[in-house]
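Let me see the structure of the following:
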Amino acid sequence: MDDLQVTRVPISELKAHPRNSRRHGDDQIDDLARSIKKFGFLIPVLINQQKTILAGHARVEAARKLGVTAIPCVFADHLSEAQQRAYPHAMPWNILSRGFDFRGRRVPLLSQQGIFQP
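Numbers count the residues shown, from 1 in each chain. From the prediction side, this is the model:
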């Protein structure tokens, strides 16, 4: 795999993946929007050559809510068609199958910053 390049792409050109299995509630979009507003758009959206979103639907919605017109994206040129179809389904399971440690200062710190509302 070659080095990945980050490219700014107009949100209006991005298309939701028709098989996106994740659903994002308004609270999650609001939390992401607060995070983007505070820290900037730090995690690029993964897209294919047709500008279909493979990963990052919620970040796109949060940016749209903030009135952002173009966001950083990475083109998944190195993935085959089959991998592009599988990736949106595989990623949520990879994330959700791992444990989260919300003990300690993480949640209070994020809550104090106005990013996460427990």
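
list the contacts for the residue nearest to the spatial centre of the chain?
Nearest to the mean C-alpha position of the chain, by Cα atoms, centre = their mean, lies Gly56 at 2.6 Å. Applying Cβ atoms under 8 Å, 6 or more residues apart in numbering to Gly56 gives the contacts 43-47. For glycine as for every other residue, the C-beta is placed from the backbone atoms N, C-alpha and C.

how does it look with 7 Å?
45-46 (Cβ atoms under 7 Å, 6 or more residues apart in numbering).

Return the distance of it relative to Ile29.
To Ile29, Gly56 is 12 Å away according to Cβ to Cβ, to the nearest Å.

With Gly40 as the reference, measure out to Phe75.
Phe75 is 21 Å from Gly40, where distance means Cβ to Cβ.

ditto for Arg85
Here the criterion is Cβ to Cβ. By it, Arg85 lies 31 Å from Gly40.

Let me see the contact set for Val45.
Listed by Cβ under 7 Å, 6+ apart, the contact set of Val45 reads 53, 55-56, 59-60, 71, 73.

Between these, which sits nearest Arg19?
Nearest to Arg19, judged by Cβ to Cβ, of the contacts of Val45 is Ile53 at 11.0 Å.

what does the one helix or strand that closest one maps to contact?
If you go by DSSP states H and E, Ile53 is part of strand 53-55. Defining contact as Cβ under 7 Å, 6+ apart, one finds that strand 53-55 is touched by 14-17, 45-48, 60, 76, 84, 87-88, 91.
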